[in-house]
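Engineer: the following comprises the amino acid sequence and a computationally predicted model.
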Amino acid sequence: MNLLDLLLLLSLLTVVLMYFYGHRREAGWLGVAAYAIQLLVLIKLYSYMQSDRIIVAHLSFSVMEHILIWGMTGLGWFFAVISLGAALFASWYTAGEWQDTQKNMRLQHIVLSLNVFAMLILLCSQDFITLFIGWELVSWASFFMMTHSGGKAAKAAYRYLIYAMSGAVALFAALVLIMVKLGSTSFSVFWAALPTLPDSFLWLLVVLFFIGFSIKMAILPFHLWQADAYAETPGANASFLSAISARMGLFALALVLLQPVGIERLQHLMMPLFTFVDARTLLAWIAALTAIIPTYIALQQSDARLLLAWHGIGQGGLMLLGITVGTPLGVAGGLLHAFNYATYQGALFLAVTAVLHRTGTTDLDRLGGLITRMPWSYVVLLLGIIGLAGLPPMNGFVSKWLIYKSLLDQGMPLLLVAASISTLGTILSVYKLIHNIFLGQLRKAHYEVKEAPWSMVLPMLILAVIGFITGLMPGLALSLVDKAQMALGYDALPHHLGGLEWKTGSLNMLWVVGILIYGIAIGAVVFYLFGGRSHKTHQWDNYAGGHFLSAEVPYHYSHNFYPGVMRVIGGWFRHQTLNVEMGIRHFVQWSAELCCRLSQVAHPTLYMLMLAVAALAFVG
Amino acid sequence: MDTGELLAKPDILPTLNLSELALDMVLMPLVAFIVGLALVLMMRKVRASIERRVGPPLLQPIYDIVKLYSKKTQISHGYMHDIAVMMLLGGYIAAEIFIPVPGMDGLASHADLLTLMYLLMVPMLGMALGVGQTANPNGSIGISRALSAMLAYDVPFVIVVAGAALVYGTTNLSEIVSLQQQQGWGLVQMPLLAIAGLLAMHAMMGKEPFEIYVAPAEIATGPMVEMSGKYMGALFVMQCFQLYTIGVLYTTLFLGGGTQWLTFLPKVFAVVLFSVSITNVFGRYRTEDAIRWLWKWPTIIALLGLAFVVA
Amino acid sequence: MMGPILLIILPFLGAFLLPIIYRHYNQAGYWAAPVVLVISLVICIGLWHGVNIVGPQSLVMGGVSAPLGIVFYVDALSILFVLVLLVGSLILWLGAWHRRIKEEMLLLLMVGGGSGLVLSGDLFNIYVFFEIVAVASYGLSASRRGDPCGYAASLRFLLLGSLGSAFILLGIAIIYALTGTLNLSHLAMLAPQALHGMAGLSAFALMLIGFAVKAELFPVNTWVAEVYAHAPVRISALLAGIVSKLAIIVVLRLLLLLYAHEQAYMLLLCIGVAGLITGELAAFYAKDLRRMLAYSSIGQLSVIAIAFSIPGTLGVVSGLALALHHALVKTGLFMLTEKWKGSISSLQGMAHSAKWPSVLLIIFALSLIGVPPLPGFWAKFLLFKAGFSAGGGYSYAMLLILLSIIIEAAYFFRVIHLLYQTPAASSTPLIPRNKELQPMLVISGLLLLVMLTIDPIYHHLSKIATQVVDVQAYIDHTLPAWKSTH
């Protein structure tokens, strides 16, 4: 019984424990302990993750002449760390006061542990069949997570189901095609055959794999389902979902197609009509567009959770972009971004849920000024949005820098511009988020709001601080990424604790953050030393053009926060993809009705005669 | 490109002279401040001469700052308001230490052009947060417009930066300077990008016609509506730093930087002079017009320049 | 070697004697039918072991040997389906049943006829037993008392079925005219020369139409939705799950022995594809759980037909796997509709009062859609392997099947989604009764057992497939003496 067996067993045990004890108040702490133990096992596995080593579990089946084994490589290990971390913090969040507000906490605990188990199974796949089995388990587990609370979440989850089944069907087709063509479903056979596969067959496979995996990642044009589904899932589970669930698609796509061999082959795979574009450039541009368009859709949202969910879709595009670049720098950037994103997005979702807990709403047009009432939540949200926007000193900046640098080094300036446009949109959007919730005028209805309880503040604060620390010392996170990168087949990125030395421009976050703190210290010295003492004024002691302010006067600029930008770009968002989706739905409904009416005939024997005539004609 | 080629040195941190570093950390912001004061003075003198006035005396900017700091009433709307002011100053002070100037390289080898670009957004974010806490919608509208304008000018600016990085093959600012010393100014190598960069940087300075975020008569000076006393003083200091930074950045990228102050400073002043000259004869674009204009002409010129660079 | 005879005779005897037993010994009559089935099952299991050890057997009736006499051919395929028939009927006997003599008689007749159908070795007997099964099913489908819609539905079923039987007879007549014999193995010997011409293939087409009525293939399957909607639940389950499979197995036999010809395969493929599209789409539109399941079973049977239309052992294996899986799952699903009949929107929120039935519904639905590690996934996996290996038009058929999986998931989970919502204020909870749950639990137990023993089952099915495809072995087993002299 090796460490991987232990890990899988512990995960299964957690599910069983949650089933029996999930209704108790201590279930949250039980979850924390369980996930912490699993995380410890994973950390022990760190030293085993050499570049070619696979830890094989003793779980193995032989079915219909296929032998299924499960084993973990560095890539799976990396994503497992993120999953377990996200689950740990989500469980911690629910351990205290928050669980009293939920109807069926036991079910939430069960689905969380089920999701973690399913993800571990997926991350240990060693050939296409085990990949498909794990993939289905993860899809259904996340469907369960989205749908169990009913209401709007269930509707969004149903839409997700249709998308997920379409993806699964595409994967199934790809799996069988590979098996029929190559005679085996093992990854190594596929990678070995990749350079010599004929172009048309490879295009079919690439399209099928892309459809299958990008539905989970919500890459354009399959992105419509994710925002509603993730936003409506209740609280802590939403943070888990948005932190890691979509990245399973990234894991699978990177594993199957985006190894050095794969990238090389994709670069020689030209598009049928536009023969100057190769598959890899196409993929990179799709990723870039996914980074831009959903970010600007997020800009327009007026619900905090929807805003964050749309940003999740955008950041996923950036991660894919990094990995598509195909150099150690780019791949490190993409993978590191997955890790960084999990930290700050988890913190952001938890902070917004804390606001929801205290005020009862996440509508950005109905909140404001909560900084005085919920200071810790504000700090967490602030750190989170700095990370999301990708500004120093948070970790989001480091991974984005790596991606930008790799794009420059590879001579792809337009993609750099695209990624920067996405970042700019993010900055606008997150400022709106923090402004509408925490800054501005405090509304009368929220005067009595208290800070969220410590059981909720601590986990999200720790997540945000982890983001800060990995921003200050990115070497810590990069050593995790090294394992994943080497498992994928790339060289590890040579880095040190503060960043990396690079011929075309280095980055040392220790110095950057240090000097930033030094600068702010000088600013503080100037502020306190010079000038008199400042005295605090009330929010109504404000310039109002001669009017007097009072509690009844809403004096907050929150609705339609960027009218100038909206006037320029608003007309460009004409729901094109949504219309296509609705069109498909209507077509299916219409043809379904047609088929049903076809079979409701008064004289069915007429059909029989028609068939007889047709069959005889066919045969004759 | 192979990782091996791109590794610069085997040891982890470059050997730094600690005393030199300490000197840089104090001097660079100080020099920036002083030159910035001079730039503000130049700005007001130019405006005065266009308006056929004498203009303020030599030390006027210093008088302004002292006046603001010695005001008796200093109102604060909360701790974020205070921290914002510290972030404003701190962000720019930090940025100055990463921009190489003649004689002082500072820490330019630890942070490159991309880092600088995003580091410069930290003071803007700080100001936005502080203004947010003042709970005045005029301020919030101002910030909204400022951010929209940032979206507008950063698009051509990023294209320019990408093109410049491609041409020089590096994003390390000191190396860019030394490359220009050998190969000739960036202005000569990539004229289109330089023009687009100048236009974008003009917008970055927030001068007419891109002054919408301030809009004194419309939104009561926007972000500055609840800033007075030392807060306003800090904003004033920030303006000095801002002019200096933009001028130096443009000089470093396109005008060859400088190996000594005598050749360096005139270039910086020339850049700012260009901006403040045209600013005085323009009205103010609305936000959406600013966005549309910046996304049209400078972007097209930048993309053309980029096409020439890549080809 | 009386086994096959007993398998056929005993149920008939039971059916004829049942009214007499009931009149005199009411208590014994209660148990008579299940006892007959159990005895048949024991004989069947004995035969199964025999076939596994020794190999296929053929039994000659009345001392007149083939090709003139009646022959019964017991091989792994036929005995498997007799087993399925018997086990299925027994499972559906579980739970209280209104002890109605006429229904029990018809059921026993159907069991006997079905056994004969798969065991016979000549066309005439196939026709006779098929007719018995058909008439029994017409009667059973109308057995719900006082339901005028049920009468109308079964009347249409009768019309279609009778016309179909006439077509079968026409086809048999054409074959007899072409070859002069009705014995399957003799026909197998003569088939390549005599039957692969235009006349022979038209005979196949006509017979296919006839069997297609029972096998729920397009477009003669319009009876399915109506009959299943109005017949008693267990009858629908039996018809959908088991009897339809018997019909398709007969088609498979004909295809393999007589008509291993490209056009015949193509015909079956086209009918299967058309049935798949219309069946699954109609299920998507259905507003009533029973009709939805009925249309769904049309779609699934069309998939089985497509599987059988793939030449080679892979196609046969996948078809068998799909057929067995569908027999298991559909039967279980139909049991739910006893209480959950009526429009789907009335099912809102039922999961809160009927927990276990909903969970069972989810498990069956997942298996039908093909979610690993449930058995349905492996069956579909085999099908796609076969289809994509065959290439050409079969790849497009596989593509359509893949798309149909999405639609299946959509309509099943629409129902499940509705079940788990909050119930409408004025609705009364509909909870399936225990007597329907008992067969469902047994079936789900079997499903889990299958899931754990996929490998041995796959090997067994492969053996069956290789045995069935081997036409020469069939001829050798049934006509040893005759062949040596001719």
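Structural biologist: Received the coordinates, thanks.
Engineer: so where's chain C uncertain?
Structural biologist: C:1, C:62-67, C:94-99, C:480-486 (pLDDT under 70).
Engineer: residue farthest from the centroid of it?
Structural biologist: Computed with Cα atoms, centre = their mean, the residue of chain C farthest from its C-alpha average is residue C:425, at 41.3 Å.
Engineer: got phi/psi on that one?
Structural biologist: phi -60, psi -40 (degrees, to the nearest 10).
Engineer: what about the helices in the stretch 1-150 of chain B?
Structural biologist: B:3-6, B:18-50, B:60-69, B:79-97, B:113-119, B:121-133, B:137-168 (DSSP state H, counting those that start in this stretch).
Engineer: mean neighbour count, distance to residue C:346 and mean pLDDT for those - can I get that in TSV?
Structural biologist: (Glycine included, C-beta is placed from N, CA and C.) Output for the helices of the stretch 1-150 of chain B, formatted as TSV (neighbours: other Cβ atoms under 10 Å in any protein chain shown; distance: least, Cβ to Cβ, whole Å; pLDDT from 0 to 100):
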stretch	mean neighbour count	distance to residue C:346	mean pLDDT
helix B:3-6	13	66	46
helix B:18-50	17	75	90
helix B:60-69	17	75	91
helix B:79-97	25	56	91
helix B:113-119	22	59	91
helix B:121-133	25	53	91
helix B:137-168	25	52	92
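Engineer: can you put those helices in TSV and add distance to chain C?
Structural biologist: Below are the helices of the stretch 1-150 of chain B laid out as TSV (distance: least, Cβ to the nearest Cβ, whole Å):
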stretch	distance to chain C
helix B:3-6	40
helix B:18-50	61
helix B:60-69	62
helix B:79-97	43
helix B:113-119	44
helix B:121-133	41
helix B:137-168	40
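Engineer: how about a markdown table for these, with distance to residue B:309 added?
Structural biologist: Formatted as a markdown table, the helices of the stretch 1-150 of chain B follow (distance: least, Cβ to Cβ, whole Å):
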| stretch | distance to residue B:309 |
| --- | --- |
| helix B:3-6 | 21 |
| helix B:18-50 | 30 |
| helix B:60-69 | 39 |
| helix B:79-97 | 26 |
| helix B:113-119 | 15 |
| helix B:121-133 | 25 |
| helix B:137-168 | 5 |
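Engineer: what's the weakest-modelled helix or strand in chain A?
Structural biologist: One helix or strand of chain A scores below all others by mean pLDDT, DSSP states H and E: strand A:55-63, with a mean of 80.
Engineer: check which residues of it are buried.
Structural biologist: A:55, A:56, A:57, A:59, A:61 (16 or more other Cβ atoms under 10 Å in any protein chain shown).
Engineer: closest to residue B:149 among the residues you listed?
Structural biologist: residue A:55 (53.6 Å; Cβ to Cβ).
Engineer: ok, that closest one - contacts?
Structural biologist: A:2, A:3, A:4, A:45, A:48, A:71, A:72 (Cβ atoms under 8 Å, 6 or more residues apart in numbering or on different chains).
Engineer: export the residues you listed to TSV and append columns for distance to chain B.
Structural biologist: TSV is the format used below for the contacts of residue A:55 (distance: Cβ to the nearest Cβ, whole Å):
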residue	distance to chain B
A:2	33
A:3	31
A:4	31
A:45	26
A:48	24
A:71	28
A:72	26
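Engineer: confirm that residue B:266 sits in a helix.
Structural biologist: Yes: per DSSP: H, G, I helix; E, B strand; the rest coil, residue B:266 lies within a helix segment.
Engineer: for it, grab the count of nearby residues.
Structural biologist: As a burial measure, residue B:266 scores 14 neighbours (other Cβ atoms under 10 Å in any protein chain shown).
Engineer: just the pLDDT for residue 258.
Structural biologist: Unless you meant another one, I'm taking chain A. The score at residue A:258 is 88. That number is its pLDDT.
Engineer: should've been chain B
Structural biologist: Checking the pLDDT column for residue B:258, the value is 77.
Engineer: name the SS class of it, please.
Structural biologist: What three-state DSSP gives for residue B:258 is coil.
Engineer: isn't it right next to residue B:269, touching?
Structural biologist: No: at 11.9 Å, residue B:258 does not count as touching residue B:269 under the criterion of Cβ atoms under 8 Å.
Engineer: of the two, who's got more company?
Structural biologist: For residue B:258 versus residue B:269, the count of surrounding residues by other Cβ under 10 Å is larger for residue B:258: 23 against 17.
Engineer: now for the nearest residue to that one once chain neighbours are set aside: which residues touch it?
Structural biologist: Closest residue to residue B:258 in three dimensions, ignoring its sequence neighbours and counting by Cβ to Cβ, 6 or more residues apart in numbering or on different chains: residue B:264, at 2.8 Å. If you count contacts by Cβ under 8 Å, 6+ apart, residue B:264 has them with B:101, B:102, B:251, B:257, B:258.
Engineer: check the gap between the last one and chain C for me.
Structural biologist: Pointing back at residue B:258 there. Applying Cβ to the nearest Cβ, to the nearest Å, the value for residue B:258 to chain C is 66 Å.
Engineer: now do the same contact list for that residue.
Structural biologist: B:101, B:102, B:177, B:251, B:264, B:265, B:267.
Engineer: which two of these have the greatest separation?
Structural biologist: Going by Cβ to Cβ, the pair spanning those furthest: B:177 and B:265, at 14.9 Å.
Engineer: quick one, which of those two is more surrounded?
Structural biologist: More crowded of residue B:177 and residue B:265, by other Cβ under 10 Å: residue B:177, with 23 against 18.
Engineer: which stretches in the stretch 201-311 of chain B count as helices?
Structural biologist: B:216-219, B:230-254, B:261-279, B:287-310.
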